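Q: Pasting the sequence and the predicted model now:
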Amino acid sequence: MKTRDHIRSSSQRRGIPEFPVMEKIEGIPVYYRGYRQYLKGVSPKENVMGSGMLQSLITSAILVYLARLLEESEYWISTNESGLRISDKTMLANDIAVFKRSEVPVKAIGKGYFTVPPVAVIEIDTKADPEIEQSMNYPSKKTQLLLDFGVQEVIWIFTDPRKIWLATPNQPWSVVEWNQEISIMGHSIQLDFFLREKGIIE
């Protein structure tokens, strides 16, 4: 009988991290938050991988917002932990990633990860295991890797506390409150007002 440790999936054969590994950063596996409960058989895979209600609704609202603003013929907007392969040792997952269609032609679309830098990446909280997150300063490390790869803007939306990290190449990073106006792909948004208007927060 095969155990979880002995199952070799097609994802592994393609070099894609196998659950409960969420990402790999410079060869170091980044596990999902709560992965130990999964390995013990206490918590199912879906409970470990799944986003909370607030995180998922914020992701959906921003996805729709971008889809309405950006020229469909010019950009792909990917979600659902969109895989990004930076190198053989670094493979990331993004909540929302915006790619130029010219960089990802239809004939290049397959089951593997994206291999070109997105124009923008938006992350809502983090699903990383807290110990790994703390040991490698995970959000900062991931942000720098994305910028070094060629991403033009990286935005982290944190729900507790309600903060937003903004990072662009060769510029100081900034941290702002939800009620401060920010720019996403050249379009201004005030997140607090936006989410209240959508009925996601009070």
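A: Arrived safely, thanks for sending.

Q: only C-alpha atoms for contact and neighbour calcs from this point on.
A: Will do.

Q: longest helix in this protein, by residue count?
A: helix 53-69 (DSSP state H).

Q: And that helix, what does it pack against?
A: Secondary structure elements in contact with helix 53-69, counted by 3 or more Cα pairs under 8 Å, 6 or more residues apart in numbering; DSSP states H and E, are strand 75-85, strand 91-100, strand 120-124.

Q: right, and the ones you listed - which one's nearest Gln171?
A: strand 120-124 (15.3 Å; Cα to Cα).

Q: Buried residues, stretch 85-95. List them.
A: Using 16 or more other Cα atoms under 10 Å as the test for burial, stretch 85-95 gives Arg85, Ile86, Thr90, Met91, Leu92, Ala93, Asn94, Asp95.

Q: got the angle for the longest helix of the chain vs strand 91-100?
A: Here helix 53-69 runs at an angle of 30 degrees relative to strand 91-100 (axes from the mean of the first three to the mean of the last three Cα atoms, to 10 degrees).

Q: returning to that earlier point: okay, the buried residues of stretch 85-95 in JSON lines with distance to Leu39 and pLDDT next?
A: Listed next are the buried residues of stretch 85-95 as JSON lines, based on distance: Cα to Cα, whole Å; pLDDT from 0 to 100:
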{"residue": "Arg85", "distance to Leu39": "26", "pLDDT": "97"}
{"residue": "Ile86", "distance to Leu39": "28", "pLDDT": "97"}
{"residue": "Thr90", "distance to Leu39": "24", "pLDDT": "98"}
{"residue": "Met91", "distance to Leu39": "22", "pLDDT": "97"}
{"residue": "Leu92", "distance to Leu39": "22", "pLDDT": "98"}
{"residue": "Ala93", "distance to Leu39": "21", "pLDDT": "96"}
{"residue": "Asn94", "distance to Leu39": "24", "pLDDT": "97"}
{"residue": "Asp95", "distance to Leu39": "24", "pLDDT": "97"}
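
Q: wait, which of the residues you listed is closest to Glu26?
A: Distance to Glu26, by Cα to Cα, is smallest for Thr90 among these, at 5.0 Å.

Q: Let me see the contact set for the nearest residue to that closest one once chain neighbours are set aside.
A: Leaving out its chain neighbours, the residue that sits closest to Thr90 by Cα to Cα, 6 or more residues apart in numbering is Ile25, at 4.5 Å. Counting by Cα atoms under 8 Å, 6 or more residues apart in numbering, Ile25 touches Lys89, Thr90, Met91, Leu92, Lys142.

Q: What would the longest helix of the chain look like as CSV? C-alpha coordinates only.
A: Taking Å, rounded to 0.1, in the frame of the first residue of the first chain, the C-alpha atoms of helix 53-69 are listed here in CSV:
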residue,chain,number,x,y,z
MET,A,53,-13.6,33.6,3.3
LEU,A,54,-12.1,37.1,3.6
GLN,A,55,-9.0,36.3,1.6
SER,A,56,-10.9,34.5,-1.2
LEU,A,57,-13.5,37.3,-1.5
ILE,A,58,-10.7,40.0,-1.7
THR,A,59,-9.0,38.0,-4.4
SER,A,60,-12.2,37.6,-6.4
ALA,A,61,-13.1,41.3,-6.1
ILE,A,62,-9.6,42.5,-7.2
LEU,A,63,-9.6,39.9,-10.1
VAL,A,64,-13.0,41.3,-11.4
TYR,A,65,-11.7,44.9,-10.9
LEU,A,66,-8.6,44.2,-13.0
ALA,A,67,-10.5,42.3,-15.6
ARG,A,68,-12.8,45.3,-16.2
LEU,A,69,-9.9,47.8,-16.3
